[in-house]
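Asks: Let's see this in three dimensions:
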Amino acid sequence: MTAELKLGIHVGYWQRDPEDHTETVLAAERLGYDSVFTAEAYGSDAFTPLTWYAARTSRIGLGTAVVQMSARTPAATAMHALTLDALSGGRVALGLGASGPQVVEGWYGVPFPKPLARTREYFDILRKVWRRAEPVTNDGPHHPLPYPGGTGLGKPLKSIVHPVRPEIPLYLGAEGPKNVALAAEIAQGWLPMFIDPAQVDTVYGESLAGRPDGFEIAATVTTIVTDDLPAALEFAKIPLAFYIGGMGAKDRNFHLDLIGRLGYGEQAARVQELFLSGRRDEAIRAVPDELADSISLLGPIGRIKERLQLWRDSPVTTLLLGGVKDEPTLRALRDLVRG
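Replies: Residues are numbered from 1 along each chain as shown. Presented below is the predicted three-dimensional model:
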């Protein structure tokens, strides 16, 4: 059980020219929300919009959920994070994820071997860059420094910038049991996706058993305050259908596997089948209402108040509300969580 839930907003991917969440972010800061998080997949990046919001705020925490590790070398990611952390006065929490082979090899053009070992190596290099204890070297096979081929002239270097903090909090986006266990071992927090608060201990209890005191679990939760619960459920099913059906190869989709562990394996397979055959509207309708409801906060404010207890009773420490844009709704949800 979490003594007091922290509260943030997740503004997702930046999608198009008019999409600027500045007013929402400013409202969240005025209302005392703890953080704002951005994301990336294979379009916009996570750092640019986060910097945009950082420049317009002064207090709210700044997070990524997630930056894709294969998009940048560890040194490049460390540079992004230390720069934004300095410019924002030490407000950054860096959330990273391994993504999957479809995106990593198809979009970034790099191999997808041994994601657990790559993640461990990546985190180690980030911390070496920020600590500046010595020139950065790495003997691992995934991100060797200096590079062992090429001209042979590479040399270990230290950042020419002194970070404002030698330790920037690192969160790991993870779904599989081994990856969640890795988060509990090497990160300061875990960024779960499609999490049912009533099943955290059942599905992830063993993986989280070794987490240290103060370990953050920041869950993104689709949140829709409305009297039209069926319409809210329909909306909440859209990202589920997309991730189950389209964010992964047919025979290797980590999101599909997760939904199976939540108890909806057969239904998830049907969603994937419909999505991949081009019948996307049918795929959305095939997502079970119970699944969409269990991982979201949907309906009238009174219903959301009741369902918040499930999150309070879980190990989740932060709710990252997704889909909420207007200040009155942000205020009402704040009062529910902190009242």
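
Asks: Verify the contact between residue 283 and residue 269 for me.
Replies: No: with contact defined as C-beta atoms under 8 Å, residue 283 does not reach residue 269; the gap is 11.3 Å. For glycine as for every other residue, the C-beta is placed from the backbone atoms N, C-alpha and C.

Asks: between these two, which one's more packed in?
Replies: Using other C-beta atoms under 10 Å as the criterion, residue 283 and residue 269 rank with residue 283 on top: 25 against 15.

Asks: Quick check: that one vs residue 53, distance?
Replies: Distance of residue 283 to residue 53, given as C-beta to C-beta, to the nearest Å: 33 Å.

Asks: before we move on, what about residue 100?
Replies: In terms of C-beta to C-beta, residue 100 sits 28 Å off from residue 53.

Asks: Which secondary structure state is assigned to residue 214?
Replies: Following DSSP: H, G, I helix; E, B strand; the rest coil, the label given to residue 214 is coil.

Asks: Show the contacting residues for the nearest residue to it once chain neighbours are set aside.
Replies: Spatial nearest neighbour of residue 214, chain neighbours left out: residue 188 (7.7 Å); criterion: C-beta to C-beta, 6 or more residues apart in numbering. Contact partners of residue 188, counting by C-beta atoms under 8 Å, 6 or more residues apart in numbering, are 93, 169-171, 214-216.

Asks: ditto for residue 67
Replies: Taking C-beta under 8 Å, 6+ apart, one finds 40, 46-47, 77, 80, 94-97 in contact with residue 67.

Asks: do residue 124 as well
Replies: 138, 140.

Asks: do residue 120 as well
Replies: If you count contacts by C-beta under 8 Å, 6+ apart, residue 120 has them with 182, 186.

Asks: quick one: the strand or helix carrying it to chain centroid distance?
Replies: Here residue 120 sits within helix 115-131, counting by DSSP states H and E. Centroid displacement of helix 115-131 relative to its chain, using C-alpha atoms, centre = their mean, to the nearest Å, is 18 Å.

Asks: hey, C-alpha coordinates of it in CSV?
Replies: Output of helix 115-131 as CSV, limited to C-alpha atoms (Å, rounded to 0.1, in the frame of the first residue of the first chain):
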residue,chain,number,x,y,z
PRO,A,115,18.0,-6.4,-24.1
LEU,A,116,18.7,-7.0,-20.4
ALA,A,117,22.4,-7.0,-20.8
ARG,A,118,22.3,-3.9,-23.1
THR,A,119,20.1,-2.1,-20.6
ARG,A,120,22.5,-2.8,-17.7
GLU,A,121,25.4,-1.6,-19.8
TYR,A,122,23.6,1.5,-20.9
PHE,A,123,22.6,2.6,-17.4
ASP,A,124,26.2,2.1,-16.2
ILE,A,125,27.6,4.4,-18.9
LEU,A,126,25.0,7.1,-18.1
ARG,A,127,26.1,7.1,-14.5
LYS,A,128,29.7,7.2,-15.4
VAL,A,129,29.1,10.3,-17.6
TRP,A,130,27.2,12.2,-14.9
ARG,A,131,29.6,11.3,-12.1
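
Asks: buried stuff in that helix?
Replies: For helix 115-131, the neighbour count (16 or more other C-beta atoms under 10 Å) marks 115, 118-119, 121-130 as buried.

Asks: Mind checking what helix or strand follows that helix in sequence?
Replies: Helices and strands here follow DSSP H and E; after helix 115-131, the next one along the chain is strand 170-173.

Asks: tell me the angle of the next helix-or-strand element following that following strand relative to helix 115-131?
Replies: Going down the chain from strand 170-173, the next helix or strand is helix 177-186, by DSSP H and E. When axes from the mean of the first three to the mean of the last three C-alpha atoms, to 10 degrees is applied, the directions of helix 177-186 and helix 115-131 differ by 20 degrees.

Asks: can you map out the helices along this protein?
Replies: For the chain, the helices defined by DSSP state H cover 22-30, 47-54, 74-87, 101-106, 115-131, 177-186, 200-208, 229-246, 254-259, 265-276, 280-286, 289-294, 301-312, 327-338.

Asks: Just put these in JSON lines and tack on distance to residue 61 and mean pLDDT.
Replies: As requested, those are exported to JSON lines (distance: least, C-beta to C-beta, whole Å; pLDDT from 0 to 100):
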{"stretch": "helix 22-30", "distance to residue 61": "10", "mean pLDDT": "98"}
{"stretch": "helix 47-54", "distance to residue 61": "10", "mean pLDDT": "98"}
{"stretch": "helix 74-87", "distance to residue 61": "11", "mean pLDDT": "98"}
{"stretch": "helix 101-106", "distance to residue 61": "27", "mean pLDDT": "92"}
{"stretch": "helix 115-131", "distance to residue 61": "18", "mean pLDDT": "98"}
{"stretch": "helix 177-186", "distance to residue 61": "19", "mean pLDDT": "97"}
{"stretch": "helix 200-208", "distance to residue 61": "22", "mean pLDDT": "96"}
{"stretch": "helix 229-246", "distance to residue 61": "24", "mean pLDDT": "95"}
{"stretch": "helix 254-259", "distance to residue 61": "26", "mean pLDDT": "91"}
{"stretch": "helix 265-276", "distance to residue 61": "33", "mean pLDDT": "95"}
{"stretch": "helix 280-286", "distance to residue 61": "33", "mean pLDDT": "96"}
{"stretch": "helix 289-294", "distance to residue 61": "27", "mean pLDDT": "98"}
{"stretch": "helix 301-312", "distance to residue 61": "19", "mean pLDDT": "97"}
{"stretch": "helix 327-338", "distance to residue 61": "15", "mean pLDDT": "97"}
